[in-house]
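[1] need a structure here:
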Amino acid sequence: MKLEFRIECPHCKWGQPWSDDYVNQGWLELRCAHCGRTFFNKVTITGFQVETQADKPDAPVAGTHLPK
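    Numbering: from 1, shown residues only. Next up is the predicted model:
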């Protein structure tokens, strides 16, 4: 899985590219590529679950419609 998003610099609001290698690594010091100032960022993901099965579930989730 690859996470693709940008982190906004709190000083100049420029979008910083982010690598998913930094997820769950705690606080990291980043340097803005636009204004050059440093800031700190932390991305934590807990409890991410994906389920897959070969057959249709017995009880479909209400309001969920998948293409046929």
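
[2] what number of residues are in the vicinity of Arg31?
    Counted with other CB atoms under 10 Å, the neighbours of Arg31 add up to 11. Every residue, glycine included, has its C-beta placed from N, CA and C.

[3] show the pLDDT at it.
    With respect to pLDDT, Arg31 has a value of 89.

[4] over to Gly15?
    Each residue has a pLDDT score; the one for Gly15 is 90.

[5] kindly report the same for Lys56.
    So Lys56 comes in at 73 (pLDDT).

[6] surely His11 and Gly36 touch.
    No: taking contacts as CB atoms under 8 Å, His11 lies outside contact range of Gly36: 9.2 Å.

[7] with neighbour numbers in mind, choose between the two.
    With neighbours defined as other CB under 10 Å, His11 and Gly36 compare such that His11 has more, 13 against 10.

[8] any idea which element the more buried one lies in?
    Assigned by DSSP states H and E, His11 belongs to no helix or strand.

[9] please name the nearest non-neighbouring residue to it.
    Leaving aside its sequence neighbours, His11 sits nearest to Arg37 (CB to CB, 6 or more residues apart in numbering; 4.6 Å).

[10] how far away is the one you found from Lys56?
    Distance, Arg37 to Lys56, by CB to CB, to the nearest Å: 53 Å.

[11] look at the two and report which has more neighbours.
    The residue with more neighbours, out of Arg37 and Lys56, is Arg37; 12 against 7, by other CB under 10 Å.

[12] list the contacts of Ser19.
    Contact analysis of Ser19 by CB atoms under 8 Å, 6 or more residues apart in numbering lists nothing.

[13] next, it: phi, psi?
    phi -110, psi 140 (degrees, to the nearest 10).

[14] repeat that for Asp21.
    Recorded main-chain torsions at Asp21 are phi -70, psi -20, according to degrees, to the nearest 10.

[15] that one and Leu28: what is the separation?
    Remark: distance between Asp21 and Leu28 (CB to CB) = 10 Å.

[16] quick one: the strands in this structure, in order.
    According to DSSP state E, the chain carries its strands in the segments 6-8, 15-17, 28-31, 38-41.

[17] go through the last one and flag the buried ones.
    For strand 38-41, the neighbour count (16 or more other CB atoms under 10 Å) marks 39, 41 as buried.
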